[in-house]
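1. give me coordinates for this.
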Amino acid sequence: MPPRTGVPESSAKPGLVLFTLAAGQFLMALDSSVMNVSIASVADDVGTTVTGIQGAITAYTLVMAMFMIPGGKVGELIGHKRAFTIGCGIYGCGSLTTALAPSLPVLLLGWSFLEGVGAALILPAIVALVAGNFRVERRPAAYGLVAAAGAVAIAIGPLIGGVATTYFSWRWVFAGEVAIVLGILALARRIADAPRGGRAHIDLVGAALSALGLGIFVYGVLRSDEWGWFRPKPGAPAWLGVSLVVWLMLAGLLLVWLFFRYEARLVERDREPLVDPALLRNRQLTGGLTMFFFQYLVLMGVFFVVPLYLSIALGLSALATGVRILPLSLTMLAVVVLIPRFFPNVSPRRVVRLGLLALLVGAVVLMAALDADAGAEIVTIPLLLIGLGMGALASQLGAVTVSAVPDRQSADVGGIQNAVTNLGASIGTAVAGSFLITALTTSFLTTIEQNPAIPAEVKSQAAVELQSGVPLLSDAQLQTALDAAGTSPEVAQAALDANAAARLDGLRAALAILAFTTVLAMFFTNRIPTTQPRSRKP
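-> Residues are numbered from 1 along each chain as shown. Next up is the predicted model:
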């Protein structure tokens, strides 16, 4: 049988290739969620503060955002398979460094920098290697399973982190990552490389502009919770009376605009750009990228809100919280397998729209189910619906974006795609958190203002303290604080009631903005094609 046109022969079976690439995606996503439940333990172990560890997490996100587009171009320069294996090697060194880190600077080197750089090489290469190892008709299923592996990692990350921290040590998580990397490297030797274009050149000026633009923008988004989106919080930096977050985001957007202007000038001079601006005039590609942005915005928003409800409002452990989130991952996995298998000729646009509808219904059902007397079981049906929607999107979007361009540009698309998903994930978490805190604060203050049992000085003190930001407190945490302050039983009970009501209002507000975002995404679905790709572009 003659070899498939444009697809290199591989010594590995397709299932093994897919498993290897999905394992890489799983590992990258796992690192973004696994340690969120172990921040305090990590801080104590390396002799720093919770703020220091949160800064390390922020730095990891920034490094990925800054180097994702250049990372895609490196694959074009040295080969996508080589970029994938080198990225895994760098990532493994970062995991080992983190596992042995005695202090915060070493943790920053391993976790934030080395792992971030490794991820920036791995993720674009995965997109190119799927395109290079699978025929067009098999790509929706392949990209869907890779995306599902990432969602599973995000879902079970807190569960793994909680178990490791509780029964062993957080360091075992990173030691386990080293073992996974070694397994991936052993299997990757049998993957066929993806096709490349002719000559390749790294546009250093473009790389610097894109890295600075995306990095500054994402940094601004990540600081919004602490500094405020527009109106600066007390003690937060500001310029001209406006939060520094606004200025950072504007500066980032300006640098991104300059980046594309510079790339256009390179094209005019017949020089090789880092990213060809013509890609963004491709209707199908921009449609797929827009859907990726909204998908990860909603996904990370959900993974922010639901664990907070389970762990804070209901007081579940990290283990129990992780178990309750698993229905989303299981449904997503099932859908990304079943749609390409049983509906290979289905319209991608129709699947995407039905997926968004499922996301919307899931968010609305969860909003309606939130109640002071509700238990953990109320999240099951909404998460099944959300998993159904995420799986529908994942089953189509990867193939939509890559089939929009020639295969030699698949790594470029991979770099842009992962930069867009990184932006969506950062903004989703920040926006959900901001709406939650704003609604919680407003509801709490309104409730205690209307309660005559609470003295005026207590109301005034609460208003002043809430202006600088309020954490989402469980009833047990608030009761401990009230007891330490010597609050009377009447005032304490009023505060507990107000906190319980405000907490639910905040969670509903966060879900409402995610539902609104899902509806907004519907307006961009007309850019998704109505037919499955059937022929490879030259």
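
2. centre of the chain to the helix or strand containing residue 53, how far?
-> When elements are assigned from DSSP states H and E, residue 53 belongs to helix 50-78. Relative to its parent chain, helix 50-78 has a centroid offset of 13 Å by C-alpha atoms, centre = their mean, to the nearest Å.

3. go through that helix and flag the buried ones.
-> 52-53, 55-76 (16 or more other C-beta atoms under 10 Å). C-beta: built from backbone N, CA, C; applies to glycine.

4. just want the angle from the strand or helix carrying residue 88 to helix 50-78.
-> For residue 88, the enclosing helix or strand under DSSP H and E is helix 80-99. Per axes from the mean of the first three to the mean of the last three C-alpha atoms, to 10 degrees, the angle that helix 80-99 makes with helix 50-78 is 160 degrees.

5. average pLDDT across helix 80-99?
-> Here helix 80-99 scores 91 as its mean pLDDT.

6. need the contact partners of the next helix or strand after it.
-> Next in sequence after helix 80-99, counting helices and strands by DSSP H and E, comes helix 104-107. With C-beta atoms under 8 Å, 6 or more residues apart in numbering as the test, helix 104-107 has contacts from 42, 46-48, 52-53, 56, 97-98, 100-101.

7. got a winner among those for most neighbours?
-> residue 98 (29 neighbours; other C-beta atoms under 10 Å).

8. chain neighbours aside, what residue packs nearest to that one?
-> residue 110 (3.8 Å; C-beta to C-beta, 6 or more residues apart in numbering).

9. list the buried residues in the helix or strand where residue 328 lies.
-> Residue 328 belongs to helix 318-342 when assigned by DSSP H and E. Buried residues in helix 318-342, defined by neighbour count with 16+ other C-beta under 10 Å: 318-322, 324-333, 335-337, 339-340.

10. ok, residue 294 to residue 514 distance?
-> From residue 294 across to residue 514, the span is 10 Å (C-beta to C-beta, to the nearest Å).

11. and those two? Which one has more around it.
-> Set residue 294 next to residue 514 and count neighbours by other C-beta under 10 Å: residue 514 wins out with 28 against 22.

12. do I have it right that the more buried one meets residue 305?
-> Yes - using C-beta atoms under 8 Å, residue 514 makes contact with residue 305 at a distance of 7.4 Å.

13. common neighbours of those two, please.
-> In contact with both residue 514 and residue 305: residue 432, using C-beta under 8 Å, 6+ apart.

14. picking that back up, now do the helix holding residue 328, average pLDDT.
-> Per-residue scores along helix 318-342 average to 80.

15. and the residue nearest to residue 98, what does it touch?
-> Contacts of residue 110 (C-beta under 8 Å, 6+ apart): 93-99, 101, 174.

16. tabulate these (CSV), appending distance to residue 13.
-> Below are the contacts of residue 110 laid out as CSV (distance: C-beta to C-beta, whole Å):
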residue, distance to residue 13
93, 30
94, 30
95, 28
96, 30
97, 34
98, 33
99, 33
101, 38
174, 31
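
17. now, the most widely separated pair of those?
-> 93 and 101 (12.4 Å; C-beta to C-beta).

18. angle of the host helix or strand of residue 294 against helix 318-342?
-> Using DSSP H and E, residue 294 sits in helix 283-308. Orientation check (the same axes, to 10 degrees): helix 283-308 against helix 318-342 gives 150 degrees.
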